[in-house]
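model the structure of this input:
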Amino acid sequence: IEGDLAKAIINWHSFEYRSKEYEERCDQLESEKKELLKQIDQLEENFKNFERDYENSLQVQTNSNKVYEVRLEHHQKLLEDAKNQLELRESDCELLKEWNVRLAEELAAVKGSYHATYGYRVRQFFTNLPRKPGFYVQYALYLFVQGVPVPRSRGKRVLRHGSNVRRMIA
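This is a model prediction of the structure:
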């Protein structure tokens, strides 16, 4: 009996020792479980924050994309308007070139008829002469001796009293 009792006591002590080890192990596992639960809660919170931040960034990106789309449409309209203006200007330039050619032809014709006049040739001659006072007197005497007709100015219009007043006011 004593041997059985000793065996039972030893078994009891070993059982107590193992139960303490199991309790310590259970406590350790409980603390690890609590740590893991804390980490899981933290990860869930981080995930919620990430989702919220992601949705906010998507919203901001969507809003900025809308702004850029509106700006793009505005600049495309401006570009189209500029292209239309450029086309109009090009057609205006073509018309102006045609008109310039016509006006140049008409001016050449008018210049040609004016250059053929006696008064123009005399005026041109006198503008090309040297500016010495005695020269004009000598040249006028030369023309008089040669019998060249002197260009005369057009007859002056007789002004009436009313037109004189208008002329003085102007």
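
state the distance from the most centrally placed residue in the chain to residue 69.
With distances taken as CA atoms, centre = their mean, residue 75 lies nearest the centre of the chain, 8.9 Å away. Distance, residue 75 to residue 69, using CB to CB, to the nearest Å: 11 Å. For the C-beta atoms, the positions are set from N, CA and C on the backbone; glycine is no exception.

and the longest helix for the chain?
helix 2-115 (DSSP state H).

downstream of that one, the next helix or strand is which one?
Next along the chain after helix 2-115, taking DSSP states H and E as the criterion, comes helix 118-127.

pLDDT (mean, whole number) over that following helix?
Per-residue pLDDT over helix 118-127 has a mean of 72.

can you give me the angle it makes with helix 2-115?
With axes from the mean of the first three to the mean of the last three CA atoms, to 10 degrees applied, the angle from helix 118-127 to helix 2-115 works out at 110 degrees.

buried sites along helix 118-127?
The neighbour-count check on helix 118-127 (16 or more other CB atoms under 10 Å) flags nothing as buried.

next: stretch 39-47.
When burial is assessed from 16+ other CB under 10 Å, stretch 39-47 yields no buried residues.

what about that stretch, average pLDDT?
96.

list the contacts of it.
By CB atoms under 8 Å, 6 or more residues apart in numbering, no residue outside stretch 39-47 reaches it.

can you give me how far it is from the chain middle?
Centroid separation between stretch 39-47 and its chain, computed with CA atoms, centre = their mean, to the nearest Å, is 50 Å.

so where's the protein uncertain?
Residues of the chain that meet the criterion pLDDT under 70 lie in 114-116, 120-121, 129-133, 136, 149-170.

rewinding a little: can you tell me how far the residue nearest to the centre of the chain is from residue 125?
Distance from residue 75 to residue 125, by CB to CB: 64 Å.

can you check residue 6 too?
On the measure of CB to CB, residue 6 and residue 125 end up 159 Å apart.

could you measure from the residue nearest to the centre of the chain over to residue 68?
10 Å.

could you do residue 92 as well?
35 Å.
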